[in-house]
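Participant: any chance you can model this:
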Amino acid sequence: MARAPVRRRPTNPNPPTPALRAGAPGTAGSEKPSADGRKRVAIESVSPDIDSGRFAAKRTLGEKVTVEADVFADGHDALACVVRYRHHSVSTWTEGPMVALVNDRWRGEFPVAELGRYLFTVEAWIDPFETWSRQFAKRVEAGQDVTLELEVAAKLVEAAAARAGGPDAAKLLTYAAQLRKGRASATAALGADLAELMDRHADRSRSVTYERELEVIVEAERARYGAWYEMFPRSAGKDGKHGTFRDVEDWLPYISGMGFDVLYFPPIHPIGRTHRKGANNSVQAKPDEPGSPWAIGSEEGGHKSIHPRLGTLDDFRRLVRVASEHGLSIALDIAYQCSPDHPYTKEHPEWFRHRPDGSIQYAENPPKKYEDIYPFDFECEQWPALWAELLSIVVFWIDQGVRIFRVDNPHTKPFAFWEWMIGEVKRAHPDVIFLSEAFTRPKVMYRLAKAGFSESYTYFAWRNTTWELSQYFTELRSAPIRDFLRPSLWPNTPDILTEYLQTGGRPAFAARLVLAATLGASYGIYGPAFELCESRAKEPGSEEYLDSEKYQIRNWQRNSPDSLRELIALVNKVRRENPALQSDSGLMFHPTENEQIIAYTKSTDDLADVVLTVVNVDPHHTQVGMVTLPLDALGIDRERSYQAHELLSGARYIWNGPRNYIELNPFSTPAQIFRFRRRIRSEHDFEYFL
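Facilitator: Numbers count the residues shown, from 1 in each chain. This is a model prediction of the structure:
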């Protein structure tokens with residue numbers, strides 16, 4: 001019978017040295033472990049954590065940061081866990097308790113009361129006294145002799161007294177003496193005061209701290225919540241004349257009267273003449289046509305200059321001041337590109353790409369050509385000087401009183417540049433806000449948000465059905481996206497007139513307004529095109545406006561009877577009166593039994609404010625359905641009726657149970673916004689709504 005061949009293990013010329021093995025002194029087997037093996041706690045999966053600490057999570061002033069972590073150890077010992085945090089400007093740490101949830105998950109929180117960066121981490125340790133307390137309670141319940149257990153507790157308490165000193169030490173020694181008196185005083189071991197003292201003076205000599213210090217960047221409230229209104233200042237004039245900043249002042253009561261917080265201007269700089277685009281993006285402009293504001297720069301100046309027909313720098317500073325008196329912040333467009341006439345093209349030709357014939361390369365997106373725009377070359381040899389100059393542009397406008405910037409096409413510039421530039425700005429001006437206008441691939445949009453942009457445009461304009469909207473906003477509210485990207489919802493822009501708005505008429509504009517303003521804490525419209533329901537496309541299949549304001553001055557009839565002005569003002573009033581709509585948290589979607597009706601609630605953490613929005617996404621037909629609400633999750637007693645106060649019409653309904661009827665006529669009631677009032681019983685035994 002043949003024998004099976006013997007398989008020999010190959011010899012390792014460098015065998016690993018065992019970490020621990022009995023052996024003679026001086027041999028490998030006597031080496032000690034490099035870490036203290038008595039530190040038994042493991043801390044994993046801390047959140048919020050953006051790319052293993054590479055980027056900071058985002059919060060706004062006054063919010064709380066909820067921190068979670070997996071914290072566990074071998075065996076059955078009780079654990080204690082805290083979140084440690086500090087503002088970057090101080091060196092001392094503050095602590096907050098963390099509580100156990102399920103499956104070794106712990107949660108804690110800390111407030112952010114200053115702008116700038118916070119650092120946080122998690123620390124945990126074995127808690128011998130809590131371990132003892134749990135076992136002691138079980139022994140007492142089982143009727144066991146606990147004399148020796150009380151002695152164990154007394155020694156733990158005495159050790160804590162030694163760590164404490166002062167009045168706490170005296171209290172702890174008193175407790176230790178009581179424990180030694182025997183079973184009659186055993187209840188003292190379970191007292192809340194003793195537990196608090198033991199927590200305060202816990203033995204942390206073997207505590208474990210999470211391996212990373214994570215960051216949270218705290219920004220002004222406007223980074224989270226606000227209503228934006230975009231307008232071209234040059235269209236603020238009368239009778240088709242070129243508008244000025246003084247003309248814009250006449251618009252301020254109109255804009256603030258609709259409840260907007262931010263007035264955003266496209267570029268306000270001199271416009272080049274070489275290859276200037278004409279009406280409807282024609283390749284040759286007539287002598288009196290103004291050109292595209294995004295073709296920045298002429299012999300009259302560049303990115304730090306004002307278009308002379310708009311006014312002077314003093315006029316702009318005055319506008320910033322007068323707008324503030326109307327409750328409006330001015331936001332400016334930052335477009336890092338030049339017209340062929342920009343002073344940079346002559347003073348710094350090295351900052352641009354060049355064609356083989358030596359000419360500067362204009363912008364292209366084949367087959368489209370943008371001969372009136374030269375992009376910067378961020379990879380040129382002189383890139384440090386270029387970067388420094390681009391930073392100085394933002395700083396210049398900050399010095400003029402601007403604190404909000406909308407950035408044009410940031411996805412065509414390096415991520416590293418934005419991280420550096422925004423970081424430099426925020427070190428000196430932590431209240432500055434940057435909105436990213438990047439309609440591009442999701443991962444690119446997310447990276448820009450991580451790099452420091454306060455807010456981000458989204459795909460909202462193209463999400464029209466109930467399924468599309470619920471899926472998309474569920475994605476945006478999932479971790480970790482919700483911790484670094486704040487969505488800004490725009491139903492239209494000067495570049496985007498969607499098919500839905502082109503074909504849906506006034507009801508489509510009304511529905512998209514309510515969706516934008518209630519799904520997003522931050523939203524904006526390009527007006528007056530939006531409130532006047534401008535829906536004329538340049539050509540079939542195009543999202544370009546006919547007679548686009550990008551290339552010509554428009555004379556808007558803002559007092560048109562078909563304007564959505566009153567609805568916009570009412571919706572913005574509802575937003576201001578309901579804290580639930582001032583945050584993107586607390587969003588839940590609810591079934592309606594009709595795919596043409598979308599229903600969702602937003603609520604504050606304490607459920608003090610719960611708002612239900614229902615929208616008919618079909619702009620052509622009346623739709624009905626039954627909305628089903630999770631009453632328990634919304635803090636509503638399912639055994640009692642409750643009042644649904646419709647905030648747009650003022651109507652009040654008494655609802656019972658989770659399922660209630662909705663009917664939405666797109667021509668009269670395309671949407672409804674409800675605030676719930678709960679029925680409660682008073683101390684005088686009558687019922688009323690709270």
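Participant: next, G116: phi, psi?
Facilitator: Dihedral angles of G116 (phi, psi; degrees, to the nearest 10) stand at phi 110, psi -160.
Participant: cool, F110 as well?
Facilitator: Note on F110: backbone dihedrals following degrees, to the nearest 10 are phi -150, psi 150.
Participant: what of I525?
Facilitator: Residue torsions, per degrees, to the nearest 10, at I525 are phi -130, psi 150.
Participant: what of A113?
Facilitator: Dihedral pair for A113: phi -110, psi 0, per degrees, to the nearest 10.
Participant: in the stretch 301-450 of the chain, what residue spans correspond to helices?
Facilitator: 313-325, 343-347, 383-399, 415-428, 442-451 (DSSP state H, counting those that start in this stretch).
Participant: can you put those helices in JSON lines and add mean neighbour count?
Facilitator: C-beta: built from backbone N, CA, C; applies to glycine. What follows is the helices of the stretch 301-450 of the chain, written out as JSON lines (neighbours: other C-beta atoms under 10 Å):
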{"stretch": "helix 313-325", "mean neighbour count": "16"}
{"stretch": "helix 343-347", "mean neighbour count": "15"}
{"stretch": "helix 383-399", "mean neighbour count": "16"}
{"stretch": "helix 415-428", "mean neighbour count": "16"}
{"stretch": "helix 442-451", "mean neighbour count": "18"}
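Participant: in JSON lines, list those along with distance to P270 and mean pLDDT.
Facilitator: Shown next, in JSON lines, are the helices of the stretch 301-450 of the chain (distance: least, C-beta to C-beta, whole Å; pLDDT from 0 to 100):
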{"stretch": "helix 313-325", "distance to P270": "13", "mean pLDDT": "98"}
{"stretch": "helix 343-347", "distance to P270": "10", "mean pLDDT": "98"}
{"stretch": "helix 383-399", "distance to P270": "14", "mean pLDDT": "98"}
{"stretch": "helix 415-428", "distance to P270": "23", "mean pLDDT": "98"}
{"stretch": "helix 442-451", "distance to P270": "28", "mean pLDDT": "98"}
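Participant: so which of those helices is nearest D74?
Facilitator: Proximity to D74 (C-beta to C-beta) singles out helix 442-451 among the helices of the stretch 301-450 of the chain, at 36.2 Å.
Participant: now that closest one, how far from the centre of its chain.
Facilitator: 12 Å (C-alpha atoms, centre = their mean, to the nearest Å).
Participant: what's the burial count for R652?
Facilitator: The number of residues packed near R652 is 12, by other C-beta atoms under 10 Å.
Participant: tell me the contacts of the residue lying closest to it once chain neighbours are set aside?
Facilitator: In space, and not counting its chain neighbours, R652 is closest to H645: 5.2 Å by C-beta to C-beta, 6 or more residues apart in numbering. Neighbouring residues of H645 by C-beta atoms under 8 Å, 6 or more residues apart in numbering: 651-652, 674-677.
Participant: H645 belongs to a helix?
Facilitator: No. Using DSSP: H, G, I helix; E, B strand; the rest coil, the assignment for H645 is strand, not a helix.
Participant: which ones are touching H275?
Facilitator: Applying C-beta under 8 Å, 6+ apart to H275 gives the contacts 283, 295, 339-340, 362, 371-372.
Participant: one step back: ranking the contacts of H645 by neighbours, who comes first?
Facilitator: Among these, F674 has the most neighbours (other C-beta under 10 Å), with 25 neighbours.
Participant: can you tell me the element that one falls in?
Facilitator: strand 671-681 (DSSP states H and E).
Participant: how many residues are close by Y526?
Facilitator: Applying other C-beta under 10 Å, we find 25 residues neighbouring Y526.
Participant: and I568, by the same measure?
Facilitator: Counted with other C-beta under 10 Å, the neighbours of I568 add up to 25.
Participant: now do the contacts for the closest residue in space to it that isn't next to it in sequence.
Facilitator: Spatially, and ignoring its direct neighbours in sequence, I568 is nearest to M258 (4.7 Å; C-beta to C-beta, 6+ apart). M258 is in contact with 229, 531, 565, 568-569, 572, counting by C-beta under 8 Å, 6+ apart.
Participant: can you give me the helices for the stretch 51-200 of the chain?
Facilitator: According to DSSP H, counting those that start in this stretch, the helices that the stretch 51-200 of the chain contains are 128-141, 147-164, 166-180, 192-200.
Participant: so what touches the longest one?
Facilitator: Helix 147-164 is contacted from outside by 128-129, 132, 135-136, 139, 168-170, 172-173, 175-177, 179-180, 182-183, 186, 189, 194, 197-198, 200-203, using C-beta under 8 Å, 6+ apart.
Participant: show the average pLDDT along the longest helix anywhere in the chain.
Facilitator: Scanning the chain for the helix with the most residues, using DSSP state H, yields helix 499-519. Averaged across helix 499-519, the pLDDT comes to 98.
Participant: now the buried members of the contacts of H275.
Facilitator: Buried subset of those (neighbour count, 16 or more other C-beta atoms under 10 Å): 295, 339-340, 362, 371-372.
Participant: please name the bridge partners of R659.
Facilitator: Beta-bridge pairing for R659 (DSSP bridges): T628.
Participant: surely it and G625 touch.
Facilitator: No. Here R659 does not reach G625: they are 10.0 Å apart, not a contact under C-beta atoms under 8 Å.
Participant: looking at those two, which is more packed in?
Facilitator: When R659 is set against G625 and neighbours are counted by other C-beta under 10 Å, the residue ahead is G625, at 21 against 12.
Participant: what separation is there between the closest residue in space to that one that isn't next to it in sequence and V617?
Facilitator: Leaving aside its sequence neighbours, G625 sits nearest to N594 (C-beta to C-beta, 6+ apart; 3.4 Å). When C-beta to C-beta, to the nearest Å is the yardstick, N594 and V617 sit 10 Å from each other.
Participant: low-confidence stretches in the chain?
Facilitator: The model of the chain has pLDDT under 70 over residues 1-30, 34, 183-190, 678-690.
Participant: grab the most central residue of it for me.
Facilitator: Nearest to the mean C-alpha position of the chain, by C-alpha atoms, centre = their mean, lies R486 at 2.9 Å.
Participant: and that one, what does it touch?
Facilitator: R486 sits next to 58, 223-224, 449, 454-456, 521-522, 584 when contact means C-beta under 8 Å, 6+ apart.
Participant: just these now: which is nearest R576?
Facilitator: Using C-beta to C-beta, A521 is the member of the contacts of R486 that lies nearest R576, at 11.7 Å.
Participant: number of nearby residues for the residue lying closest to that closest one once chain neighbours are set aside?
Facilitator: Nearest residue to A521, sequence neighbours excluded (C-beta to C-beta, 6+ apart): Y225, at 4.5 Å. Neighbourhood size, Y225 [other C-beta under 10 Å]: 20.
Participant: surely A195 meets W132?
Facilitator: No. Between A195 and W132 there is no contact, the gap being 11.1 Å when judged by C-beta under 8 Å.
Participant: give me the more crowded residue out of those two.
Facilitator: Shown here are A195 and W132; by other C-beta under 10 Å, W132 has more neighbours (19 against 14).
Participant: and the residue nearest to R652, how close does it get to K602?
Facilitator: For H645, the distance to K602 (C-beta to C-beta) stands at 15 Å.
Participant: please apply the same query to R554.
Facilitator: Remark: distance between R554 and K602 (C-beta to C-beta) = 35 Å.
Participant: and the longest helix of the chain, what other elements does it pack with?
Facilitator: Here helix 499-519 is seen to pack against helix 466-476, strand 487-489, strand 522-526, helix 565-577, strand 597-603, strand 610-616, strand 671-681 when contacts are counted using 3 or more C-beta pairs under 8 Å, 6 or more residues apart in numbering; DSSP states H and E.
Participant: would you indicate which residues of it are buried?
Facilitator: Across helix 499-519, burial judged by 16+ other C-beta under 10 Å covers 500-502, 504-519.
Participant: same check, this time on stretch 607-625
Facilitator: 609-619, 623, 625.
Participant: and stretch 246-266, by the same measure?
Facilitator: For stretch 246-266, a neighbour-count test (16+ other C-beta under 10 Å) marks 247-249, 251-252, 254-256, 258-266 as buried.
Participant: and for stretch 634-649?
Facilitator: 634, 636, 642-644, 646-648.
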